[in-house]
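# coords below, sequence missing:
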């Protein structure tokens, strides 16, 4: 949601990939891909954004905190990030999602969005449940 220098962004992608592999993720047993190369994430985010009302997004605590820390009005990307997060979850028809306490409200948005979509267009997305860590 913040502008990045292209070279720094590319290096961050490589560093993150290296960290994931160093943690023991085995690419022979799971898919490892760069989300920005999958256009369906942005496409579904657009569709879900058309079903999401702005006042709900404005009430999310993360929006308020990050906007305040940026000393600005905030960007559209920052405001709609929870919709993209919902698309990331729903695109793969996820049923269980590991989240921290700070992301519970974003997952609730994904749950509500799935229910709203299903009610309007028929059962399509499972409603994902949170897996909360005790740490």
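Yep, it's here. Computed from a prediction, not measured in an experiment: that's the story for all the values here. Residues are numbered from 1 along each chain as shown.
# which helix or strand lies directly C-terminal to the worst-scoring helix or strand of the chain on mean pLDDT?
Least confident helix or strand, the chain: helix 61-69 with a mean of 77, by mean pLDDT, DSSP states H and E. Using DSSP states H and E, the helix or strand that directly follows helix 61-69 along the chain is helix 76-91.
# direction included, what does the following helix or strand past that next one pair against?
Counting by DSSP H and E, the next helix or strand C-terminal to helix 76-91 is strand 96-99. Its sheet considered, strand 96-99 pairs with strand 129-132 (parallel) by DSSP bridges.
# got the contact list for the partner strand?
95, 96, 97, 98, 99, 100, 101, 104, 107 (C-beta atoms under 8 Å, 6 or more residues apart in numbering). Glycine gets a C-beta too; all of them are placed from N, C-alpha and C.
# re earlier: buried stuff in the least confident helix or strand of the chain?
63, 66, 67 (16 or more other C-beta atoms under 10 Å).
# now list the buried members of the contacts of strand 129-132.
97, 99, 107.
# min pLDDT across those residues, which one?
Lowest in pLDDT among those is residue 99, which has 89.
# which ones are touching that one?
So residue 99 contacts 106, 107, 130, 131, 132 (C-beta under 8 Å, 6+ apart).
# what's the pLDDT at the residue nearest the centre of the chain?
Nearest residue to the geometric centre of the chain (C-alpha atoms, centre = their mean): residue 85, 1.6 Å. We have a pLDDT of 94 for residue 85.
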